[in-house]
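1. Give me a model of this one.
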Amino acid sequence: MNLNLPNHLGVIIDGNRRWAKKRGLPPWKGHEAGAKKLNEFLNWCLEVGIQNVSIYTLSTENLNRPKEELKHLFRILEEYIDGLLNNKERFALLEKYEVKVRFVGELNRLPKKLIKLMGKLMEKTAKYQKRVLNFLVAYGGKSEIVNAIKKIAEEIVKRGKIEISEKDVEKYLYIPIPLDLVIRTGGYQRLSNFLLWQASYAEIYVTKTLWPDFSKKEFIKALKWYSRQKRNFGR
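-> Alright, predicted model coming up:
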């Protein structure tokens, strides 16, 4: 299969709660189904050879959801990360493809147990350099840019000279690599505060398919669609 693959693929996971509602289930059952789909999806990304993948796992706005739902969301995240750490088959995939796993966002807003698990997985995969898998957790694009500007301001005070370039901003972003393709499931045509700086010239593929129902066939369809796009970056 001859595809022009994106170097950096971003995924906005959407539709878990609607998937559960259609089946008369509580929201967290949709999130559980979504976590299973994420395992499949990451395997597909590794198989086809995408170098950088960023998954919009939990936004800062999501932290305002009902306490009961958040409790289950954190539980599902803990179980998912624990599986990557301790399931031999799943960790073997990270080893095989030399995947560095990163968690980015306002992680201090998360439960301590979850933060600890994230730290362990990042430490365990820190040596790998061939692929990068970013999980955006308690993340907001505007907040990321504000954080970068604060750090630039600190540098300006030290230098005593006001000079700011795009490279200066990118230096302090959680993820400095520009997005090439964003896949959004669930049908809504919006970025929802996802990697706003990095998505400046990204191609955006939207499907009405709810995340738990997203298939490998549709994934390949999205990559084929991306391969046909003429990217001129505003020129």
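2. Please report the distance of residue 166 from residue 33.
-> 40 Å (CB to CB, to the nearest Å). C-beta: built from backbone N, CA, C; applies to glycine.
3. before we move on, what about residue 44?
-> 17 Å.
4. more crowded one of the two?
-> Between residue 44 and residue 33, counting by other CB atoms under 10 Å, residue 33 is the more crowded of the two (20 against 15).
5. The more buried one belongs to a helix, doesn't it?
-> Yes. Assigned with DSSP: H, G, I helix; E, B strand; the rest coil, residue 33 falls within a helix.
6. OK, contacts around it?
-> Residue 33 sits next to 16, 19, 20, 212 when contact means CB atoms under 8 Å, 6 or more residues apart in numbering.
7. Try it again at 6 Å.
-> residue 212 (CB atoms under 6 Å, 6 or more residues apart in numbering).
8. In this protein, what residue spans correspond to strands?
-> Assigned by DSSP state E, the chain shows strands spanning 8-12, 52-59, 99-104, 131-139, 181-184, 203-206.
9. beta partners for the residue most central in space within the chain?
-> Nearest to the geometric centre of the chain sits residue 55, at 1.7 Å (CA atoms, centre = their mean). Taking DSSP bridges as the rule, residue 55 bridges to residue 11, residue 135.
10. wait, isn't it in contact with residue 11?
-> Yes. Between residue 55 and residue 11 there is a contact at 5.2 Å, judged by CB atoms under 6 Å.
11. Sounds good, over and out.
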